[in-house]
Structure formats: C-alpha cells, structure tokens
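Enquirer: Just the structure for this:
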Amino acid sequence: MPIKLLSDFDGVWTDQAIEAEGVLLYTAAEAARIAGIAQNRALADFRAFEAEVLASPEQHGWAPDGRISAYVDEDPFCRSNAIAGLLERARDGRPRAYREAIEAAGFASVGAFADRCFLGATERFRRDHPPALVPGAESALRELFEAGIEIAIVSNSPAEKIQGWFAGLGLELPGEPRFRVRGSARKFALGPSAAGFELGGRRVLVDRPSYRTILEQERPDWVVGDVFSLDLALPESLRREGAPGAPAGLILRRHGHTPGWVLAGAQGGPIDRLIEDPAELAGLLRGGQRPGRVPTAPLPVR
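Expert: Prediction:
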C-alpha cells in the first residue's frame, strides 16, 4: 500500500502572515464601525490588545468554549481570536466598551463577532489576491504524486478555498484515493474531557472529536502541520495510546513565529521531523518506508 500523508493546509502550503494581518485589520475596522469611532483609533486599540495577548501567550489563544484550543503564539490566525477572548473578559476600560458595542449590535458574543470577521476577511483575501501558496508548491505536489504518496488535506478552512487554490496552480490533481480535501475539519472543537499532556510548560488538550473521527477514517502514516495544538497533539495522543488512526510519524512545518515551547517537542519529544518548506516532504517520504519512531530532525531549534 502507498504511504499516506495527512497534511494541514494553511501554514503548511501557505505562509499565512499576510492573510492573518488582513483578518486583524478587518476586525478592527468592523469594531470601529460598530462602536462609532475612527478606524485609526480602533486600529491603535487593537494593536495594543494584540501586544497584550502576545505578552502572556500562555494565557491567551483560540478558546471557542473558554478553554484554549490553540495558543496565540502558535499561529498568527489565533491573534484575533485571542483579542476576542480578552474583550470578553474585560470588566472596564476600552476593552469593555468594545464588548458592549459588539453585544449591542446583536452579536451573541465577541467570539461570534470575531468568527464573522474571520470569514469576511478571508473571503475578501481570496477575492483580491492570487492563491497564496508558497513558491514551489506545484513542484512539491508533483514530486509527492510522482513518488506515489497518497495525500489527504485536512483543514479547518473550507474545502472550496483549498480546492480553488490548488486548481489555480494549473496542476492536474489526481482524484481519490490518491488526493482528497477534507475541509471544515473543526480541529479546534474540544470535547468534554480535560485529556491532554504537557509540552514545553503548556497544557495541550487532545479531546477533539471531529478531528479524531477523521484520523480514524484516514489512518495516515504521517501527519504534517504547523500548529502543534491543532494539528499534531491529537495524533501524538493517539500514537501514545496505540489507538486507531494513530500515525507513526509527526512533521512540524516551522515558521519564524513558531514558539520555542513547540520546538522543544523536536528535542526528543513528540515531533519527529521539522521542515521549513513543503518541498522537503517528497524527499522525506520517498522510498515507500513507513516511519518508525524516527530520529529528531537535524534542523537546529532556534
């Protein structure tokens, strides 16, 4: 049987910094409109909120039910969600004023407002920009296909976005089972238990029912992602359990923003390989050998 790679999309095949910045700008502009203040004033406020959550990242992140599903320093996309959490908890000052204005506008919560802004901002980005895939994405995909690798793209992003961006390469994509896209994966959605483990001084939660179902269905040999909490923590937990769907190898796509506490997982921890570009995947997976508990990547941890 061919080697199967389960890959995240945003942050593996894209460098999401520009799109994430667009989300923050869009959110600040919408907050300004709702609160009836100047956009430059709102942007300055949101920059201050961003600095506040990044100053104590262990306390902030994407927390759709109040529990941190991914920490703010793991992914630029988490910053607007972390700011929403800051406003939700505010008891005074400008954060409280924004929360009250958002609630008065009919949003059930600041989190719901942030989700709406995320969708609006990313839709605008897709409309106004060419596919934001990393340079060389086409050749990286072609090498994987030529090596006989089976690829399942599993992402929180909508499948239409991913399919559209890959189609924009002009590359003839093989159909199932060689290549498929599973969007709206809800990797962030936490179940009721507090199951998790410690990595680099952070508690990472692993009860993610939607993602677990996908892993059990796909049964990949390797999983690659750029956000440890969302992409790799549950596969590592399944691997420890010897559970169905557990991969043998975990690959982290490292960015300049990847925090040190995550990179600590590549020093004898759960991360088996570090890559800095998806072009490295074909060489890593070529040869038809399924991974065992493989050595730590030679890339330096910075």
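
Enquirer: May I ask which helix or strand of this protein has the lowest mean pLDDT?
Expert: Evaluated with mean pLDDT, DSSP states H and E, the helix-and-strand set of the chain has its lowest mean pLDDT in helix 159-167, which scores a mean of 87.

Enquirer: roughly how far is it from the heart of the chain?
Expert: Using Cα atoms, centre = their mean, to the nearest Å, the distance from the centre of helix 159-167 to the centre of the chain it belongs to is 17 Å.

Enquirer: Heading C-terminal from it, find the next helix or strand.
Expert: Reading on from helix 159-167 to the C-terminus, the next helix or strand found by DSSP states H and E is strand 179-182.

Enquirer: what sits up against that next one?
Expert: Residues outside strand 179-182 that contact it (Cβ atoms under 8 Å, 6 or more residues apart in numbering): 145, 150-155, 159, 162-163, 166, 173, 214, 218. Backbone N, C-alpha and C define where each C-beta goes, glycine included.

Enquirer: And stretch 273-285, by the same measure?
Expert: 3, 5, 7, 12-13, 134, 136-137, 139-140, 143-144, 146-147, 149, 222, 224, 249-254, 263, 266, 294, 297, 299, 301.

Enquirer: do you know how far residue 8 is from residue 14?
Expert: Residue 8 sits 10 Å away from residue 14, going by Cβ to Cβ, to the nearest Å.

Enquirer: Is the residue nearest to residue 210 when sequence neighbours are not counted in a helix, a strand, or coil?
Expert: What sits nearest to residue 210 in space, not counting adjacent residues and going by Cβ to Cβ, 6 or more residues apart in numbering, is residue 186, at 3.9 Å. Secondary structure of residue 186, reduced to three states by DSSP: H, G, I helix; E, B strand; the rest coil: coil.

Enquirer: mind listing what residue 186 touches?
Expert: Neighbours of residue 186 in contact, by Cβ under 8 Å, 6+ apart: 156, 208, 210, 211.

Enquirer: at 10 Å what do you get?
Expert: Residue 186 makes contact with 64, 156, 208, 209, 210, 211, 213, 214, according to Cβ atoms under 10 Å, 6 or more residues apart in numbering.

Enquirer: picking that back up, who touches the least confident helix or strand of the chain?
Expert: Under the criterion Cβ under 10 Å, 6+ apart, external residues in contact with helix 159-167 comprise 9-10, 13-14, 122-123, 125-126, 130-133, 137-138, 141, 153-155, 157-158, 173, 179-185.

Enquirer: at 6 Å what do you get?
Expert: 9, 131, 133, 153, 181, 183 (Cβ atoms under 6 Å, 6 or more residues apart in numbering).

Enquirer: Scan those residues and report the most crowded one.
Expert: Neighbour counts for the contacts of helix 159-167 (other Cβ atoms under 10 Å) peak at residue 9, which has 25 neighbours.

Enquirer: Surely that one and residue 154 touch.
Expert: No. The pair residue 9 / residue 154 is not scored as a contact, 8.1 Å apart, by Cβ atoms under 6 Å.

Enquirer: quick one, domains of this structure?
Expert: Domain assignment of the chain by automatic domain parsing yields the ranges 4-15+133-285, 17-128.

Enquirer: Strands along the stretch 151-300 of the chain, start to end?
Expert: With DSSP state E, counting those that start in this stretch applied, the stretch 151-300 of the chain shows strands at 179-182, 196-199, 202-205, 222-225, 249-253, 273-275, listed in chain order.
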